[in-house]
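[1] Okay, here's the prediction I keep looking at, along with the sequence it came from:
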Amino acid sequence: MRWVAPLLLMGSLASCGTHCPPIGDPIGADFYGTSPGLCPEDCASQHVYRSGDTIQLIVSSDDACEIQGTLSADLVATIDEVHAALLAGELVLGDPICNYPDTGSTWIEFDESLRQGYATACPPEGLAELDSRLAAAVWALGECRTSDDVTPSSPCKPAY
């Protein structure tokens, strides 16, 4: 099920158009994102910028849409735990868990020295749970929908 949100997202991004207001400057580091792989046309990329528990989703195609929100304390704790475990060498990433052809690329950047990239919907063993939660949170945020892991800021206009 963790692959559904990124794959649906890639298919739905074509609807991001000129309905979006101008975007602001990134609020923090480019923490998580995807770039399109094989797609027919109007493909878009998405970047999630993070500052503490605040995130900013920017969906870019012909236009750019921006939505801000707040991550749950539980997801922030999970991000911090995975980051600390990677830095301490307590978490070693395994082979990608992948059953799909090239669907683009995804990355998680914990800090300037620790960035992990992988094929979208194919996270390495050790990042699968975090990737699944982040993908679901981004999907919900892009729809201006509250989930267990993210609450969109008001006002919110869906990006797709």
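    Done, it's in. Since this is a predicted model, take the numbers as computed values, not measurements.

[2] Following element in sequence after the helix or strand of the chain with the lowest mean pLDDT, please.
    Lowest on mean pLDDT, DSSP states H and E among the helices and strands of the chain sits helix 4-12, with a mean of 42. Once the chain leaves helix 4-12, the next helix or strand it forms, by DSSP states H and E, is strand 29-36.

[3] can you pull the contacts of Asp111?
    By C-beta atoms under 8 Å, 6 or more residues apart in numbering, the contact list for Asp111 reads 29, 83. (C-beta placed from N, C-alpha, C; glycine too.)

[4] ditto for Gly33
    Here Gly33 is in contact with 45-48, 106-107 (C-beta under 8 Å, 6+ apart).

[5] what does Gly126 give?
    Contacts for Gly126 (C-beta under 8 Å, 6+ apart) come out as 82, 91-94.

[6] How many residues are close by the spatially closest residue to Gly142 that is not a sequence neighbour?
    In space, and not counting its chain neighbours, Gly142 is closest to Ala159: 4.5 Å by C-beta to C-beta, 6 or more residues apart in numbering. The burial count assigned to Ala159 is 29, neighbours taken as other C-beta atoms under 10 Å.

[7] Where does Ala159 sit, in terms of helix or strand?
    Counting by DSSP H and E, Ala159 is found in no helix or strand.

[8] Cheers, nothing more for now.
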